[in-house]
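Asker: Would you be able to build a 3D model of this:
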Amino acid sequence: MKTASIISYIIAGIVIFFSILVAWSAFAPDVPDSRLIVGVVGIAIGFGFIYAGTRFNARSKEQEQALNINIDLPGQVQLDALKCQSCGSPLSAKDVSLAQGAAVVKCPSCGTTYQITEEPKW
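Answerer: As a prediction, the model looks like this:
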């Protein structure tokens with residue numbers, strides 16, 4: 001989306017430049033006053049392109065957020081297969097997501113959603 005905002009800014013610059021020239025030419029003698037209106041409308045369209053470019057840029061920044069969590073575990077760790085607490089069907093890594101700082105599982109078989117809790121080992 002960043003290229004779309006750059007293209008929008010370039011188009012806005014071109015439109016505003018030529019619109020200013022058209023509006024400026026309206027002050028020449030024996031020229032219809034409609035050029036001033038066309039110039040002002042063109043300038044408004046140019047600022048519309050600038051507004052659209054900032055919206056594209058803001059939207060692309062919202063979508064670019066990524067979250068990576070690395071966990072360093074001490075010693076030898078063996079992982080057990082993850083199974084649903086409700087129906088017992090096997091779960092994969094794509095069924096686990098992070099919501100409000102907690103690991104949440106959504107079972108694709110039964111549709112149950114629950115938070116993963118770590119039970120004490122003793």
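
Asker: Dihedrals phi and psi, the residue in the chain sticking out farthest from the centre?
Answerer: Farthest-out residue of the chain from its mean C-alpha position, per C-alpha atoms, centre = their mean: Asp30, at 51.2 Å. Main-chain dihedrals, Asp30, degrees, to the nearest 10: phi 60, psi 40.

Asker: likewise Ile69?
Answerer: Torsion angles at Ile69 (phi, psi; degrees, to the nearest 10) stand at phi -120, psi 120.

Asker: tell me the contacts of it?
Answerer: Leu98 (C-beta atoms under 8 Å, 6 or more residues apart in numbering). (Glycine included, C-beta is placed from N, CA and C.)

Asker: what about the strands in the chain?
Answerer: According to DSSP state E, the chain carries its strands in the segments 96-99, 102-106, 113-115.

Asker: who does the shortest one pair up with?
Answerer: Put plainly, it is strand 113-115. The strands beside strand 113-115 in its sheet (DSSP bridges) come out as strand 102-106 (antiparallel).

Asker: care to break the protein down by domain?
Answerer: 2-63, 83-122 (automatic domain parsing).

Asker: By mean pLDDT, show me the worst of those.
Answerer: Ranked on mean pLDDT, the bottom entry among those is domain 83-122, at a mean of 81.

Asker: from the chain's centre, how far out does it sit?
Answerer: Computed by C-alpha atoms, centre = their mean, to the nearest Å, the chain-centroid distance of domain 83-122 equals 28 Å.

Asker: Tell me how many other residues surround Leu91.
Answerer: Number of residues near Leu91 (other C-beta atoms under 10 Å) recorded here: 17.

Asker: hang on, the earlier thing: could you redo the strands of the chain as CSV and give each row mean neighbour count and distance to Val38?
Answerer: Putting the strands of the chain into CSV (neighbours: other C-beta atoms under 10 Å; distance: least, C-beta to C-beta, whole Å) gives the following:
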stretch, mean neighbour count, distance to Val38
strand 96-99, 11, 53
strand 102-106, 14, 57
strand 113-115, 12, 58
